[in-house]
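K.L.:
My questions are about this predicted structure, shown below with the sequence.
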Amino acid sequence: MSLDSKIPSGPLEKKWDDYKSHIKLVNPANKRKYTVIVIGTGLAGGSASATLAELGYNVKTFCFQDSPRRAHSIAAQGGINAAKNYQNDGDSVYRLFYDTIKGGDFRAREANVYRLAQVSTNIIDQCVAQGVPFAREYGGHLDNRSFGGAQVSRTFYAKGQTGQQLLLGAYSALSRQIGLGNVKMYPRTEMLDVVVIDGHAKGVVIRDLVTGQVTVHSADAVVLASGGYGNVFYLSTNAKGSNVTATFRAYKKGAFFANPCYTQIHPTCIPVSGDHQSKLTLMSESLRNDGRIWVPKKQGDTRNPADIPESERDYYLERKYPSYGNLCPRDIASRSAKEVCDAGFGVGPGGQGVYLDFSSAINRLGEHTIAERYGNLFQMYEQITGENPYKVPMRIYPAVHYTMGGLWVDYNLMSNLPGLFVIGEANFSDHGANRLGASALMQGLADGYFVLPYTIGNYLAEVGFGKTPSTDHAEFKKAETDANSQLNKFLSIKGKRTVDSFHKELGKIMWNNCGMARTDKSLKEALVKIPEIREEFWKNVNVPGSGSDLNQSLEKAGRVADFLEFGELLCLDALTREESCGGHFRTEHQMDDGEAKRDDDKFCHATAWEWKGVGAKPTEHREKLEFENIKLATRSYK
Amino acid sequence: MDLKLKVWRQKNAKEKGKIVNYDAKDISPDMSFLEMIDVVNEDLIVKGDDPIAFEHDCREGICGSCNIMINGEAHGPLPGVTTCQLHMRSFKDGDTIYLEPWRAKAFPVIKDLIVDRSGFDRIIQSGGFVSINTGGAPDANALPIPKKDADVAMDAATCIGCGACVASCKNASAMLFVSAKVSHLALLPQGQVEKKERVKNMVNAMDKEGFGNCTNQYECEAACPKDIKRDFIRVLNKEFILS
């Protein structure tokens, strides 16, 4: 099957406007005759649900948290990019587009990224109109700061809680529509399957997490906004509930999974403190604006950092990348940290850490200014580590953060399964092999507020109204039965190991064999071990309790079962991509100076995998990436 | 360190609950409070018991999911933090710790330490927003907002909706929560058009949910993990009177 990206013809800067001018429209009076299901209430799902309801569609929205306000977008700290050029420092739509393509190491689709840069400016306007309290200058205008991968200040922020404020904006818009009765909200529910009828996505199977009841819901289109899959590594910066289930089960129903090996490793995370650790905490990348990263020049130097004189410190990012310095992109900062730690220069317990030092910024600007900029982050750091970062440099180490892979979508954000739309982190489209700071929030809201509401209309107009299938249809019955039998299977195994123990075991393999650096050997090893863990899981997992009430072990079992299959797909994708790009470093493919070596001749494409059964090799499809406006270049931040 | 836990166990909303004793052994001071429960739960599952159900998600102190009364205090003894950001170094070897759910009529228990806080969502649905459809918003800088106002609005907007204010109040009042949202929007020019309707609707919704009233004891402020100030209750009262 060929992958048709459906990129509109014409010049790059006119594609989206032309597209919008020519798509099919649904008459306002007919919109209420369509039902759309949205899975997830983060920035993408929340904004999409609100906007579709504003347009007049019937919307049914599902989230697994107790409230849509708690989606994981809330944890994003640093900011959101927009090409407003308020700082008069040379920003433009083209420059944001170029930075994003370059930051993604030329593995994203040009047309999608350009559209993202275009609508970025509307996002800020929309959020301000909703009352999002962005930081302001004394004159009353919006403040900006700079972020990794950019040489302009285009990042809008609300203290260190930008994700929270943007999500509360989308949540308030969603709440308004719930109050008006235009959105039917189902919190504490989980999607267990997509129902496909005549090749089109027409509904979902849902489990109520409180009563345990499994129900089916039909619709004219299904939108997955269920986030990323970083928790396949067990330890990540993702919320504990973040999982791959919605996208993976759609994959098993025929949607293609693209670029699963593109997982972003974030450089500024608090290092692991012990085996008990359940998740990792990220310190906002914005800290790199004022913090300087260094390690001692002497290996194994255990002196107090204050006792290490300037001349004995290696500010390695400033040394290696003089023009970007501490603001170089995430993959470069992460890999550089790993390199210095692997070489024995790391600090803190186990040597898995580097210093992020604010002493020179505090001397220059005063503690008050630093507290104003990053106060809550400093407080959080102290809470977790017991160390005061105003006095002692923070210790940081890279951690799994965001996932750029996801279900394959075309320019309409529709997967290869008609009627199944995938937005935000759940799709693969905009970030390529790496994501720049402050660009995930931008994509979530761009997709939900400004892209999907147009593209879904085009699909619905083509399909026509009055075609919502009855939930009595055999496909619904089958999907419901399958979901129930899987739940019963988990409960019947009564083995000896907990779900978490399997998840931890899988996570260690993923991190060691398919983390910041991967080799042909490490990946092949993982591909042998993962099926073994999976086999044991299905024989020896212990899920206590019943399926007819709130059962957190049962919820986790389903998610970990999916991770155990998905992890294999991720490693297979990493093995197949024989190049280094973005944060995906295949040790066999590096420059003489250790930089990532891309192979544009062979790998300038997105890989989209088609499910063929458990343990069977999925079929590989490729979407060739055409760069008509940007010349493919070796990424350099020196 | 080794600890004694006294945990509220309640199978579901209908059945009666009771305190059950557990031992938490070999707990590292670097663990978060929730990681300590993880360790206890892993043992319980291996023994064939039902693990303690508790709410959590981001474990970074921002999603507002976690909610445990720890020795009678919402989110435990440390000021300004959520349960997930409370670390075991705040306790001593041999301590006995009580774990209970939020107690409020408007927050019925679902299971063990998990309560239903959907009343908060319904309050927001009644008016906690600016009614603006997507698209057509004016340029963001066309509406200058004094930095001071934006900063105070941000302080109010920081509320994570965890419900500690309700749990710590003898009247189970939601005034701090409602005042935070009302203040956030009332302090910004965007919120002016609907401000009278907003405050009336939200206060009515709050009463309808069964939350109590404020008697100015400010336990809410003391318990708030995000340091939302009681001053916002003054703003709420003012806005309500003006409406």
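P.N.:
Thanks, I have it. Numbers count the residues shown, from 1 in each chain, chains lettered A, B, ... in the order given.
K.L.:
what residue is smack in the middle of chain B?
P.N.:
Closest to where the C-alpha atoms of chain B average out (CA atoms, centre = their mean) is B:Cys162, at 1.8 Å.
K.L.:
Tell me how far it lies from A:Val210.
P.N.:
B:Cys162 sits 19 Å away from A:Val210, going by CB to CB, to the nearest Å. Any C-beta I mention is one placed from the backbone N, CA and C, and that applies to glycine too.
K.L.:
re earlier: can you name the residues that contact the residue nearest to the centre of chain B?
P.N.:
B:Cys162 makes contact with B:Gly64, B:Ser65, B:Cys66, B:Asn67, B:His75, B:Thr82, B:Pro225, according to CB atoms under 8 Å, 6 or more residues apart in numbering or on different chains.
K.L.:
From the residues you listed, pick the one nearest B:Phe211.
P.N.:
B:Asn67 (15.5 Å; CB to CB).
K.L.:
ok, the closest one touching B:Glu55?
P.N.:
Yes - with contact defined as CB atoms under 8 Å, B:Asn67 counts as touching B:Glu55 (5.8 Å).
K.L.:
what touches both of these two?
P.N.:
Common neighbours of B:Asn67 and B:Glu55 (CB under 8 Å, 6+ apart) are B:Leu113.
K.L.:
Assign the closest residue to A:Asn412 other than its chain neighbours to helix, strand or coil.
P.N.:
Setting aside the residues directly before and after it, A:Asn412 is nearest to A:Thr455 in space (CB to CB, 6 or more residues apart in numbering or on different chains), at 3.9 Å. Classification of A:Thr455 using DSSP: H, G, I helix; E, B strand; the rest coil returns helix.
K.L.:
A:Thr455: neighbour count?
P.N.:
22 (other CB atoms under 10 Å in any protein chain shown).
K.L.:
cool, and A:Arg288?
P.N.:
A:Arg288: 26 neighbours (other CB under 10 Å).
K.L.:
Can you tell me how far the closest residue to it other than its chain neighbours is from chain B?
P.N.:
Spatially, and ignoring its direct neighbours in sequence, A:Arg288 is nearest to A:Asn326 (4.7 Å; CB to CB, 6+ apart). According to CB to the nearest CB, to the nearest Å, A:Asn326 stands 23 Å off from chain B.
K.L.:
quick check, A:Asn326 in a helix?
P.N.:
Yes - per three-state DSSP, A:Asn326 lies within a helix segment.
K.L.:
residues contacting it?
P.N.:
A:Arg288, A:Asn289, A:Gly291, A:Arg292, A:Ile293, A:Leu317, A:Glu318, A:Ala333.
K.L.:
burial measure for the fourth one, as a count.
P.N.:
Counted by other CB under 10 Å, the residues lying close to A:Arg292 total 19.
K.L.:
again with A:Thr162
P.N.:
26.
K.L.:
go on, A:Gly212?
P.N.:
16.
K.L.:
and it, how far is that from A:Thr41?
P.N.:
22 Å.
K.L.:
And for A:Phe465?
P.N.:
Distance of A:Phe465 to A:Thr41, given as CB to CB: 26 Å.
K.L.:
neighbour-wise, which of the two wins?
P.N.:
The neighbour comparison of A:Phe465 against A:Thr41 (other CB under 10 Å) goes to A:Thr41, with 32 against 16.
K.L.:
ok, the closest residue to that one other than its chain neighbours - contacts?
P.N.:
Excluding the flanking residues, the one nearest A:Thr41 by CB to CB, 6+ apart is A:Pro68, at 3.5 Å. By CB under 8 Å, 6+ apart, A:Pro68 lies in contact with A:Thr41, A:Gly46, A:Thr61, A:Tyr171, A:Leu174, A:Ser175, A:Met185, A:Pro187, B:Asp121.
K.L.:
If you rank those by neighbours, which is first?
P.N.:
Highest neighbour count within those, by other CB under 10 Å: A:Gly46, with 35 neighbours.
K.L.:
can you tell me the helix or strand for it?
P.N.:
Using DSSP states H and E, A:Gly46 sits in helix A:43-55.
K.L.:
Who are the packing partners of that helix?
P.N.:
strand A:35-39, strand A:58-62, helix A:162-179, strand A:183-186, helix A:440-445, helix A:452-463 (3 or more CB pairs under 8 Å, 6 or more residues apart in numbering or on different chains; DSSP states H and E).
K.L.:
tell me the most buried of the ones you listed?
P.N.:
helix A:440-445 (a mean of 30; mean count of other CB atoms under 10 Å in any protein chain shown).
K.L.:
chain center to stretch A:314-334: distance?
P.N.:
Centre-to-centre, stretch A:314-334 and its host chain are 23 Å apart (CA atoms, centre = their mean, to the nearest Å).
K.L.:
which residue packs closest to the residue of chain B found nearest chain A, ignoring adjacent ones?
P.N.:
Chain A sits closest to B:Pro144 of chain B, with a gap of 2.9 Å, by CB to the nearest CB. Distances taken as CB to CB, 6+ apart put A:Gly140 closest to B:Pro144, at 2.9 Å, once the chain neighbours are dropped.
K.L.:
what's the burial count for that neighbour?
P.N.:
A:Gly140 has 16 neighbours, counted by other CB under 10 Å.
K.L.:
Over to A:Asp275?
P.N.:
7.
K.L.:
ok, the residue in the stretch 251-400 of chain A positioned nearest to chain B - contacts?
P.N.:
Nearest residue of the stretch 251-400 of chain A to chain B, counting by CB to the nearest CB: A:Ser273, 4.5 Å away. Applying CB under 8 Å, 6+ apart to A:Ser273 gives the contacts A:Pro349, A:Thr385, B:Asp30.
K.L.:
Wasn't B:Tyr22 part of a strand?
P.N.:
Yes - looking at B:Tyr22 with three-state DSSP, it is inside a strand.
K.L.:
which one is it nearest to, not counting chain neighbours?
P.N.:
B:Leu5 (4.4 Å).
K.L.:
and the helix or strand that the one you found is a member of, which strands flank it?
P.N.:
B:Leu5 belongs to strand B:3-9 when assigned by DSSP H and E. Strand B:3-9 has its sheet partners listed here by DSSP bridges as strand B:18-24 (antiparallel), strand B:96-100 (parallel).
K.L.:
and the contacts of A:Pro68 as TSV, adding pLDDT and distance to B:Val115?
P.N.:
Below are those laid out as TSV (pLDDT from 0 to 100; distance: CB to CB, whole Å):
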residue	pLDDT	distance to B:Val115
A:Thr41	98	20
A:Gly46	98	23
A:Thr61	98	22
A:Tyr171	98	20
A:Leu174	98	22
A:Ser175	98	20
A:Met185	98	18
A:Pro187	98	13
B:Asp121	98	13
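K.L.:
Could you give the number of residues near B:Ile68?
P.N.:
32.
K.L.:
Pull the contacting residues for it.
P.N.:
Counted by CB under 8 Å, 6+ apart, B:Ile68 has contacts B:Phe33, B:Phe54, B:His75, B:Gly76, B:Thr83, B:Leu99, B:Glu100, B:Pro101, B:Leu113.
K.L.:
Equivalent analysis for A:Gln552, please.
P.N.:
Contacts for A:Gln552 (CB under 8 Å, 6+ apart) come out as B:Pro51, B:Ala53.
K.L.:
Give me every residue in the stretch 151-300 of chain A lying close to chain B.
P.N.:
Residues of the stretch 151-300 of chain A lying near chain B by CB under 8 Å from any CB of the partner chain: A:158-159, A:161, A:164-165, A:168, A:171-173, A:175-176, A:178-179, A:185, A:187, A:210, A:237, A:239-241, A:273-274, A:276-279, A:281-282.
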